[in-house]
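K.L.:
below: sequence and its predicted model.
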Amino acid sequence: MDVMAIIRIAMRALARNKMRSGLTMLGIIIGVGAVIAMVGIGQGAQQQVQQQIAAMGSNILFVSSGTVNRGGMRMGWGATKTLVYDDMRAIMREAPAVRMAAPGSQTTAQVVFGNDNWSTNINGTEPQYLDIRNWPLQEGSNFTQNDVDMAANVAIVGETVRKNLFGATDSVGQTIRIKSLPFKVVGVLVPKGQSAAMGQDQDDTIIIPITTLQKKMTGDTWLRWIMVSADSKEASYAAQQQIEGLLRDRHRIRPGTDDDFFVRNLADIADLQDQASQVFTLLLAAIASVSLLVGGIGIMNIMLVSVTERTREIGIRMAIGATESDVQRQFLIEAVVLSLIGGGIGILFGLSSGFLISALLHWPVLISPLSIVVAAIFSAAVGIFFGFYPARKAARLDPIEALRYE
C-alpha cells in the first residue's frame, strides 16, 4: 500500500471522530505555540541586550584608576592618582591594536536652568569620546579641540538632563549653571537608554571639555578613566594585553604586585550577557516543551483507544493480505498526521501569541524561521515517538482473534 493511500485512510479515520481528534491535537497546538512564543520572547530579550551593549561598543575598553592599600584597607577603584594624560598618549603611540582613545574625569553637580535644577554626572573628556562611544548628536554640534585647549565653558547634555531642565524649550544655545559656572549648551545627545552592562541611565549626563572640568571644577591633575576603542571586538583582547603591559611598565609596578589601574573589556560583558540570555531562552523553551510532552501522551492514549475500537477492522485487513508492516505503517502515519496538523495550527497560534504579547505588553519578541522549522520537526517527532507503541500493538494482533473481536 503506497503512502498517499495510507494518508487518505488516516484522514478519513481522524475525520470520523472530529471532536476527539480536535481535543487530542489541542495538546500539540498549545505545546508548539508555547514553544514558539517563549523562544521568541527569549530571543527578543537577547537581541535587546545585545543592541544595548552594541550601543556602548563591544570593541571598547574602559581603563580606570585602580585601588590602593592604605593602612591595611583596600580602597575602591578610582582611589589612585597615577593614571595621567601621558598614559593616554602612550597607549595611542605604543598599542598597535588601539584605534582611538579619550581621556576622562568626572564629578557630580547640581545643574540649574531658570527655575529648574537637576543633579547629574559631569564628564570631562575630548571630542573623540563621542566617536569612540558611537554616540551621535540629535541637535547642535560637538565641542572642538580648541574648546579643550582654551578650557571653554561649553556643554553637551544627555536626553534625561534635557527633559528635566528644558522640557519643550529649545536647549541648544541656552546657558546653564554648573557649580555656579555658566556653560553654553552646544549639543544634545541622541538617547541611548539604560546601560545593559552597568544598569545606569546613559542619558543622565553632561559632557564638557576635560580641561574645563579639571581647572575650574575639580582641580584634578590626573585622570579617572581612559576610554579606548580597539580596531574590532576580536582585537580588543590584544589591546587589553598591550595596555596592561604598557601601564605596568610606565607605573613601575613590580612582578607579583597588584595593578594601580583597572581595564574592563566590554566584549567580555557582551559575551557574558549573551550566554545568560541563551540560558534564559533554553529555560523558557524547556518549560514550554512540557506541553508538547503532555500532547504526545494524549496522542498515544487516543491511538491505543483507536486500536481497540478498530480491532475487527485490523483483523479483516490482515485476513485479505495486509502485512504487519502495513498495519503498523497505517497507525504510525495516523499519529504523525494528527501531530503535524496540530503542529501547523500550533505554529499559527505561536506566531499570533508572539505578536499579541509584543503589542500588549511591549516586550521584544523575535520569532526566527529556525524556531518554526524546529517546532514542525519536533511535532512530527512527537507523533512518531508516541505513535510507535500503539502502531506496534496493532500490527501484532492475531488476525483470527481480531476477527472474533466484538
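P.N.:
Right, received. Where do you want to start?

K.L.:
lowest average confidence, helix or strand, in this structure?
P.N.:
strand 73-74 (a mean of 50; mean pLDDT, DSSP states H and E).

K.L.:
and the helix or strand where R99 lies, how far from the chain's centre?
P.N.:
For R99, the host element (DSSP states H and E) is strand 98-113. Distance of strand 98-113 from the chain centroid (CA atoms, centre = their mean, to the nearest Å) equals 28 Å.

K.L.:
coming back round to it: what's the first helix or strand after the least confident helix or strand of the chain?
P.N.:
Immediately after strand 73-74, counting by DSSP H and E, sits helix 85-94.

K.L.:
next, count neighbours for V35.
P.N.:
By other CB atoms under 10 Å, 27 other residues sit near V35. In short, each C-beta sits where N, CA and C put it, glycine included.

K.L.:
which residue is the nearest non-sequential neighbour of it?
P.N.:
A288 (4.4 Å; CB to CB, 6 or more residues apart in numbering).

K.L.:
go on, L351?
P.N.:
I367 (6.3 Å).

K.L.:
what sits against the closest residue to T205 other than its chain neighbours?
P.N.:
Nearest residue to T205, sequence neighbours excluded (CB to CB, 6+ apart): G158, at 4.4 Å. If you count contacts by CB atoms under 8 Å, 6 or more residues apart in numbering, G158 has them with 120, 188-189, 191, 202-206.

K.L.:
in strands only, show me those residues.
P.N.:
Under the assignment DSSP state E, the contacts of G158 contribute 120, 188-189, 205-206 to strands.

K.L.:
closest one of the residues you listed to Q128?
P.N.:
When the ones in strands among the contacts of G158 are compared for distance to Q128 (CB to CB), L189 wins out at 15.0 Å.

K.L.:
run through the bridge partners of the closest one.
P.N.:
Taking DSSP bridges as the rule, L189 bridges to L137.

K.L.:
wait, it sits on N134?
P.N.:
No. Counting by CB atoms under 8 Å, L189 stays clear of N134, with 11.5 Å between them.

K.L.:
of those two, which one has the most company?
P.N.:
The neighbour count for L189 versus N134, taken as other CB under 10 Å, is higher for L189 (26 against 15).

K.L.:
could you report the separation of the residue nearest to V35 from R264?
P.N.:
Noted for A288: a distance of 36 Å to R264, by CB to CB, to the nearest Å.

K.L.:
equivalent analysis for A10, please.
P.N.:
Between A10 and R264 the computed distance is 61 Å (CB to CB).

K.L.:
okay, these two: which has more neighbours?
P.N.:
Ranked by neighbour count (other CB under 10 Å), A10 and R264 place A10 first, with 19 against 16.

K.L.:
give me the mean pLDDT for the helix or strand hosting that one.
P.N.:
According to DSSP H and E, A10 maps onto helix 3-16. Across helix 3-16, the average pLDDT comes to 78.

K.L.:
which neighbouring elements make contact with whichever helix or strand comes after that helix?
P.N.:
Once the chain leaves helix 3-16, the next helix or strand it forms, by DSSP H and E, is helix 18-56. Here helix 18-56 touches helix 266-309, helix 324-361, helix 369-395, going by 3 or more CB pairs under 8 Å, 6 or more residues apart in numbering; DSSP states H and E.

K.L.:
which secondary structure elements does the second one contact?
P.N.:
Spelled out, that is helix 324-361. Contact analysis of helix 324-361 by 3+ CB pairs under 8 Å, 6+ apart lists helix 3-16, helix 18-56, helix 266-309, helix 311-319, helix 369-395 as its packing neighbours.

K.L.:
those: which one's closest to L165?
P.N.:
Per CB to CB, nearest to L165 of the helices and strands packed on helix 324-361: helix 18-56, 23.3 Å.

K.L.:
list the buried residues in that closest one.
P.N.:
For helix 18-56, a neighbour-count test (16 or more other CB atoms under 10 Å) marks 21, 24-46, 48-50, 52-53, 55-56 as buried.

K.L.:
stretch 373-393 now?
P.N.:
Buried, per 16+ other CB under 10 Å, within stretch 373-393: 374-376, 378-380, 382-383, 386-388, 390-391, 393.

K.L.:
next: stretch 285-302.
P.N.:
Here stretch 285-302 shows 285, 288-289, 291-292, 295-296, 298-300, 302 as buried, counting by 16+ other CB under 10 Å.

K.L.:
next up, the contacts around the closest residue to I297 other than its chain neighbours.
P.N.:
Setting aside the residues directly before and after it, I297 is nearest to F386 in space (CB to CB, 6+ apart), at 6.7 Å. Counting by CB under 8 Å, 6+ apart, F386 touches 296-297, 299-300, 303, 335, 339.

K.L.:
okay, these in a markdown table with distance to A101 and pLDDT next?
P.N.:
Output for the contacts of F386, formatted as a markdown table (distance: CB to CB, whole Å; pLDDT from 0 to 100):
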| residue | distance to A101 | pLDDT |
| --- | --- | --- |
| G296 | 58 | 84 |
| I297 | 61 | 86 |
| I299 | 63 | 84 |
| M300 | 65 | 87 |
| M303 | 68 | 84 |
| A335 | 64 | 87 |
| S339 | 59 | 88 |
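
K.L.:
ok so, going back, pull out the buried positions in the strand holding R99.
P.N.:
98-99, 101-107, 109, 111, 113.

K.L.:
before I go, just wanted to say thanks for your time.
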